[in-house]
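Visitor: Need coordinates for the below:
(12 chains)
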There are 12 protein chains.
Amino acid sequence: MATITSTLRPEAKKVVGEVLQGALIDLVDLSLLAKQAHWNLIGHNFRSLHLQLDEIVALARTHTDVMAERAVALGVNPDGRSSTVARDTKVPQLEAGYLQDGKVVAAITDILESIVNRMRKRVSALEEPDPVTQDLLIKVTQELEKQHWMMQAQR
Amino acid sequence: MATITSTLRPEAKKVVGEVLQGALIDLVDLSLLAKQAHWNLIGHNFRSLHLQLDEIVALARTHTDVMAERAVALGVNPDGRSSTVARDTKVPQLEAGYLQDGKVVAAITDILESIVNRMRKRVSALEEPDPVTQDLLIKVTQELEKQHWMMQAQR
Amino acid sequence: MATITSTLRPEAKKVVGEVLQGALIDLVDLSLLAKQAHWNLIGHNFRSLHLQLDEIVALARTHTDVMAERAVALGVNPDGRSSTVARDTKVPQLEAGYLQDGKVVAAITDILESIVNRMRKRVSALEEPDPVTQDLLIKVTQELEKQHWMMQAQR
Amino acid sequence: MATITSTLRPEAKKVVGEVLQGALIDLVDLSLLAKQAHWNLIGHNFRSLHLQLDEIVALARTHTDVMAERAVALGVNPDGRSSTVARDTKVPQLEAGYLQDGKVVAAITDILESIVNRMRKRVSALEEPDPVTQDLLIKVTQELEKQHWMMQAQR
Amino acid sequence: MATITSTLRPEAKKVVGEVLQGALIDLVDLSLLAKQAHWNLIGHNFRSLHLQLDEIVALARTHTDVMAERAVALGVNPDGRSSTVARDTKVPQLEAGYLQDGKVVAAITDILESIVNRMRKRVSALEEPDPVTQDLLIKVTQELEKQHWMMQAQR
Amino acid sequence: MATITSTLRPEAKKVVGEVLQGALIDLVDLSLLAKQAHWNLIGHNFRSLHLQLDEIVALARTHTDVMAERAVALGVNPDGRSSTVARDTKVPQLEAGYLQDGKVVAAITDILESIVNRMRKRVSALEEPDPVTQDLLIKVTQELEKQHWMMQAQR
Amino acid sequence: MATITSTLRPEAKKVVGEVLQGALIDLVDLSLLAKQAHWNLIGHNFRSLHLQLDEIVALARTHTDVMAERAVALGVNPDGRSSTVARDTKVPQLEAGYLQDGKVVAAITDILESIVNRMRKRVSALEEPDPVTQDLLIKVTQELEKQHWMMQAQR
Amino acid sequence: MATITSTLRPEAKKVVGEVLQGALIDLVDLSLLAKQAHWNLIGHNFRSLHLQLDEIVALARTHTDVMAERAVALGVNPDGRSSTVARDTKVPQLEAGYLQDGKVVAAITDILESIVNRMRKRVSALEEPDPVTQDLLIKVTQELEKQHWMMQAQR
Amino acid sequence: MATITSTLRPEAKKVVGEVLQGALIDLVDLSLLAKQAHWNLIGHNFRSLHLQLDEIVALARTHTDVMAERAVALGVNPDGRSSTVARDTKVPQLEAGYLQDGKVVAAITDILESIVNRMRKRVSALEEPDPVTQDLLIKVTQELEKQHWMMQAQR
Amino acid sequence: MATITSTLRPEAKKVVGEVLQGALIDLVDLSLLAKQAHWNLIGHNFRSLHLQLDEIVALARTHTDVMAERAVALGVNPDGRSSTVARDTKVPQLEAGYLQDGKVVAAITDILESIVNRMRKRVSALEEPDPVTQDLLIKVTQELEKQHWMMQAQR
Amino acid sequence: MATITSTLRPEAKKVVGEVLQGALIDLVDLSLLAKQAHWNLIGHNFRSLHLQLDEIVALARTHTDVMAERAVALGVNPDGRSSTVARDTKVPQLEAGYLQDGKVVAAITDILESIVNRMRKRVSALEEPDPVTQDLLIKVTQELEKQHWMMQAQR
Amino acid sequence: MATITSTLRPEAKKVVGEVLQGALIDLVDLSLLAKQAHWNLIGHNFRSLHLQLDEIVALARTHTDVMAERAVALGVNPDGRSSTVARDTKVPQLEAGYLQDGKVVAAITDILESIVNRMRKRVSALEEPDPVTQDLLIKVTQELEKQHWMMQAQR
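Guide: Got it, this is the predicted structure:
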């Protein structure tokens, strides 16, 4: 079976592959958690938060695709299946059932902070092996930090 | 903490809640698996299948939202977190790594068939307790059966 | 003067006509009351509620037209004049003057609940005489129940 | 409970408030009557009139909102509830049942003429107390007079 | 040669297949007849009818596609070739040559009535074997009955 | 009954009328056959062909309307009823049932070639009697020849 | 002062220049007359004719621009000033004051017929000197003949 | 023959009618002259002026329609035929043939100044008899003065 | 150097020029202050206010342009440079640093009230010298008063 | 390997093939030269010319595609590779480095004139062998002559 | 009062905060100065420059928002009030009154050059402390340098 | 003659200029070769590849413009004339005549690989002299690598 040839050296490809798979897991899980909160939310700020959470879902879905397609373009197979995400995710989880608005703001702030911290490490890790991929990680970090501010601003 | 009052009788609510949670798991996992194939696909039919798989993702995401919002509108908390999906899914899974186009057609056909079978049972189960919810399940079944044909037609 | 011939048997036409006229009154009055709250609203959640109330107005107006055009398509004359609505409405009314946001949430939740209850009875009543009309009532019930959740979620 | 402070002197506010409430009643009732004719219409010119009546509905709804929001912006509570409209309307009413096209043209011409006459008096009444509101009344009068011509032209 | 596997039991598939093929013939022929009238129309109401007939063509074409794709999705081959349509159609035909507007209104009213009668029987026939297909027949019946009213209203 | 006066001399009108009626039959039947293949298609190239066939349907429908409206604008009654098409068509027909992709490519290539040959004769026939109509035939021939290439290129 | 060099021989340029200036006068006057009727129209068919007349205005304005820009592209100065149009027009004129719908249909039919007759002569006159310009005259003739039919069809 | 009843007193109607007819002539002629310059223009600033002149044409056409429809809505027949415009226009005329860019700027500046002067007098004349019409004259004056600046600024 | 000739008498020009320059300063500063709050906002109502403040920015920017272009169209040079705005503004200022949501509502309400008061005086001042400019001031006052209500309603 | 069968006789195919290949070379080179000028342009008219040159690029690209697809539709292989264009082009070339605006106007006028001359010969050459292709050459000639005027008008 | 937690180390935050505040001042003042020139411009190139200046305004406004939102997302309060801008700006200022086109080209070229020089220093300063913010500065520098070329090219 | 001043030091400008000119040649030739394949393609995958090749053309054209405008913004003259491209290109060439689909996939994969290799060297070369330009090279490399994957995936 044919495979995709990489435009990177093997060592660089290994580093970049791990970075992209890690970012993929973070972003798939962010999209699932933001939807979970979007649905089970309750409280005075329902409508504002309900809409903002869907913007986070859209952001997470867009960049998930960018990460995965970048990985395969470099000859690395992305893995975004539910069992892989459930097993490997490092994102703090939400409880089942209704979620009060104040708690959602706090929880999503933590979730975003946790992801941003890993993203910043990924940006550093890619500077030498592949500045072309690094640029994509910089973009998603910018947007996650913006959402982090906007979520935090309404505490 | 406030909760959402149901417009259904308790027994009906229980049946409808289980149906919607089951459909939710099927559809979230379908969206993750169709993306997995969209990324790792390889073969002469790459471009056609790559695009068609994204249509299935869009379909799955749209109806996931419909199922979950319907559940909470009836006072039932939907659960679409990665750990729940990984634990409860009944959808046949894809292997990791590259996926040859012919295999993808076969696998997605099986995945859709498996989901359609459960959806038809859900349609029957809802006729008496809640025709309003049943109508939403009928819609998603129509669209899944159409994708099932289109995937199968290219074997 | 020419009239519209019905595609239904006389008894079925009578039942369907009463159902559609009842739904029409509910929906016209919902559109007027949601606008009344949209204008006289006051409180911290002003902007969110102000926008959400206009979505309810749009929903009510769209389905009012569907109900009325369905009625005349079956040879029954719909009546949505102000005097008829004022006389026949069963929807709980709002007071004149400023309306505090918390009160609006409670009042609109009650209004929607009252209409949903009547709509579910109409869905049942139509199953035998006209499933084609029943399908239209199911649609409006789905949307009203969704608004009912979203209004209630912000208590 | 907070209220909206007026940017007008008390006497001016009183005059403007009455003018806007009067215009509101005229326009809500126009929208209900034009819809009533839109539905129950019958005759050779059905399609042209059916479409034109919906343009009048759209015009009436747009300006209803302008009038009501202007009132509350000046600290006056608008009242557009069905019971208020039914009690206070001065617009000539339509009969129930089918409405022949020629009769609709005549009746809507009368309805528009009746409203235009009151609107012109309102324009005069506002010149001194509030030219900013007067401008909004001028706009709606222009559009009503245009519809009056177009309805009349097809007698 | 591969074929499409059905998600229905054989007996149900047979009933549903006949219903969909019948609806297909009705709708293809409706689209051809409405175009025939659209072109050969003459009379004072030319423009209104000319435009309305094209709406009927659009409606018929959209639902033709839905019927045929539903059939093949269930493993039944739709047949919409001109010889099949000419042989099997039960729709009352139009004469060749110019068609006066009044006659067109009467003829299209008859054509729609004839199709609606068969559609209502198809809706009943599908309730038990396949509610998922039934829902599609309900939709097309709603729209045909609406056009039936609008055509009839201009007699 | 009024008729449409021609802007052509009687002999020219006769020639042009026959040419347009012939083109109309070709194009109506092309639209029905391309839909037939669009539905019953099966094979690895399903998706590409399924989409391309719908472009041919769109092309055929657009030019059918142009031909028919041109005919009546010149005082000639177009006839596109199913019985006329079935009786007069010279387009090679498709078999009933599933159609393998390779066969569809061959069959549609033949169908387009057969129509293009007649269209080129029509272009020649119109040069003298009516260059204004000839220009419309040239347009449709250009587009049919382009589809002929694109279908043939994938053999 | 610089002038535009022609891509035509002097004799051809002369013929083409006269043809284009003639067409320009016809089309400017058509746009003014169709607007005149659009405004002063009266009668049962008011709305249909009012809208159709504006389509004729749009058609006339578009092609006026094409004619004039084609003239100057060939080094011939177009002249569309009111005094020139009033002096040179050969288009039958409308009376001042209200215009009954039946009379408008007859008058616009005559106006279009008069212009089409001149346009067909222009098409012939250009065949030899400039087929590139001829093509533009053919386009406008097609559209004028279509409007001629549509106006005539409603007598 | 039916006529349009005025919503104005006879004396007011006479004044308003004359104002609107005067504005109509100014605006029709402006549209013809700006097109004349748009076509025959020559010079370094060709492209900028060519585009700007078409904006003036669009402005003139839009307001021509507003003036004429306002007139007939008040029961006064507008007259925009070429012979009337040529006879009554007070707008300074352009010469035939090529027009150098500098001259066009000067001439259009004069044309706009001439029209603005008459428009300001019309605004004053309408204050008492009809503020509803006056508002429309104010709008067109604003836009003409803006074009006057933009044309003049490039001298 | 060329300058723009005024269409106003010198005294009128002076009054109008001062009014427009005053409005310009108010609106530029409103746009800067609303952005300042848009960025530094903090509190539970963050998202609603953040979005609403950007609507005020858009409103202020649109009308700034209208004021300035009107000034220069009348031969008066608008001055919107930062030093001029800082020196001449009469708008109450915001503090540096984070701004709590409740304080922002209060402060923006004051800012809008302060501007509306000056705008109403400008409307009065322009009635005699230039009703054409007055109309533009009326428009911006309507919109500022609407925002004033909407901001105040959420106290 | 399969090839595309021609719908033309061999001699006609040879003539048409040469005409289309010649037009292709002209249009590819026009697109490259207009971009070259678009980038290296300098002078007072920078912005206007910069934009107009991009319109020429768009025109050239669109018709390049039409020529090439027409060629292959007739069984002739188009050749638009850089080495072929460089070897066969007859279009006057631009120098490297900055290009002053006046020189660009002159050079592009010459380039367009050179291409138009060849295009007019191609139009004549195709009249007998293939009027269907001739029509495509006429279209591109119309547009090139329009650009020739607009470029020349700003000398 | 809550504040936004930074995702940066304190020293890095200080550097990034100063860079962003500096860029903010540059961009707010650029937007005000480009508007000032947009309004007071005079000369032959009026229209081209008038439009290009508005593109610079749009560019400046977009990036102002990006800079300010990035600052607050990192826990630094942006300050874009008129007094701060007037006090801290380093952008060369424009004079009051009319601005001749040639002078505007020169002045805006200087303004852009001055800002680009500071922006390039900011890009260097951010490489180590925050590559995520650096990327945003790179984007704005690219666009400012492009405008610098386009302004300069028309000297 | 005026020239564009660079915002870079001379040595940096030299390096950046060579990098941009090299990228320009690569991208112009890619656009010509992808079009060549788009036209002469033959084989079962015709339609998918035909469409995908046009996406590569669009990508190449967009970035060609970015490279060339960036060069001139830095004071370096880009050269994209056919003779320069033919002389300097390092891109592997396609043969004349029909191109089988499998061969096209292989050839375009090679072409993209060849360009990506040069682009990655350019990215490295720019890190020190101009990170602002480097960012543009990173973007085009990302997109070329994505197309490289998608082309290769269908081998």
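Visitor: Longest helix in chain A, please.
Guide: When chain A is scanned for its longest helix (criterion: DSSP state H), the result is helix A:10-40.
Visitor: Compute the inter-axis angle for it and helix B:10-40.
Guide: Using axes from the mean of the first three to the mean of the last three Cα atoms, to 10 degrees, the inter-axis angle of helix A:10-40 relative to helix B:10-40 is 160 degrees.
Visitor: Give the burial count for A:Asp88, as a bare number.
Guide: Residues lying near A:Asp88 (other Cβ atoms under 10 Å in any protein chain shown) number 16. The C-beta positions use only the backbone N, C-alpha and C, and glycine is treated the same way.
Visitor: Skip the chain neighbours and tell me the closest residue to it.
Guide: Among residues not flanking A:Asp88 along the chain, A:Ile25 sits closest, at 5.0 Å (Cβ to Cβ, 6 or more residues apart in numbering or on different chains).
Visitor: can you check A:Pro129 too?
Guide: A:Ala12 (3.7 Å).
Visitor: Which pLDDT value belongs to the one you found?
Guide: With respect to pLDDT, A:Ala12 has a value of 96.
Visitor: Please tell me how far the residue nearest to A:Asp88 sits from A:Arg122.
Guide: Here the criterion is Cβ to Cβ, to the nearest Å. By it, A:Ile25 lies 12 Å from A:Arg122.
Visitor: What separation is there between A:Thr133 and F:Tyr98?
Guide: Counting by Cβ to Cβ, the gap from A:Thr133 to F:Tyr98 is 46 Å.
Visitor: Wait, the residue nearest to A:Asp88 touches A:Val85, no?
Guide: Yes: in this structure, A:Ile25 is within contact of A:Val85 by Cβ atoms under 8 Å, at 5.7 Å.
Visitor: Now for the most centrally placed residue in chain A: which residues touch it?
Guide: A centroid search over chain A (Cα atoms, centre = their mean) returns A:Leu27, at 2.3 Å, as the residue closest to the centre. By Cβ atoms under 8 Å, 6 or more residues apart in numbering or on different chains, the contact set of A:Leu27 is A:Ala60, A:Arg61, A:His63, A:Thr64, A:Met67, A:Ile115, A:Val140.
Visitor: Between all of these, which two are separated the most?
Guide: A:Arg61 and A:Ile115 (14.3 Å; Cβ to Cβ).
Visitor: quick one, which of these two is more surrounded?
Guide: Legend: neighbour count by other Cβ under 10 Å for A:Arg61 and A:Ile115, higher for A:Ile115 (26 against 20).
Visitor: What sits closest to the more buried one if chain neighbours are left out?
Guide: Nearest one to A:Ile115, counting by Cβ to Cβ, 6+ apart, is A:Asp26 at 4.8 Å.
Visitor: Now do the contacts for that neighbour.
Guide: Shown in contact with A:Asp26 (Cβ under 8 Å, 6+ apart): A:Thr89, A:Lys90, A:Val91, A:Ile115, A:Arg118, A:Met119.
Visitor: ok so, going back, element containing the spatially closest residue to the residue nearest to the centre of chain A that is not a sequence neighbour, please.
Guide: Nearest residue to A:Leu27 in three dimensions, chain neighbours excluded: A:Thr64, at 4.3 Å (Cβ to Cβ, 6+ apart). Assigned by DSSP states H and E, A:Thr64 falls within helix A:46-73.
Visitor: Just the buried positions in that helix, please.
Guide: A:46-50, A:52-53, A:56-57, A:59-61, A:63-73 (16 or more other Cβ atoms under 10 Å in any protein chain shown).
Visitor: that older thread, could the contacts of A:Leu27 go into CSV alongside pLDDT?
Guide: Formatted as CSV, the contacts of A:Leu27 follow (pLDDT from 0 to 100):
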residue, pLDDT
A:Ala60, 98
A:Arg61, 98
A:His63, 98
A:Thr64, 98
A:Met67, 98
A:Ile115, 98
A:Val140, 98
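Visitor: Put together JSON lines for these, with distance to E:Asn77 on each row.
Guide: Formatted as JSON lines, the contacts of A:Leu27 follow (distance: Cβ to Cβ, whole Å):
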{"residue": "A:Ala60", "distance to E:Asn77": "43"}
{"residue": "A:Arg61", "distance to E:Asn77": "38"}
{"residue": "A:His63", "distance to E:Asn77": "44"}
{"residue": "A:Thr64", "distance to E:Asn77": "40"}
{"residue": "A:Met67", "distance to E:Asn77": "43"}
{"residue": "A:Ile115", "distance to E:Asn77": "51"}
{"residue": "A:Val140", "distance to E:Asn77": "48"}
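Visitor: near chain I, which residues of chain A show up?
Guide: Residues of chain A lying close to chain I by Cβ under 8 Å from any Cβ of the partner chain are A:His44, A:Asn45, A:Ser48, A:Leu49, A:Leu51, A:Gln52, A:Met150, A:Ala153, A:Gln154, A:Arg155.
Visitor: cutoff 10 Å now
Guide: With the criterion set to Cβ under 10 Å from any Cβ of the partner chain, chain A comes near chain I through A:43-45, A:47-49, A:51-52, A:55, A:101-102, A:105, A:149-155.
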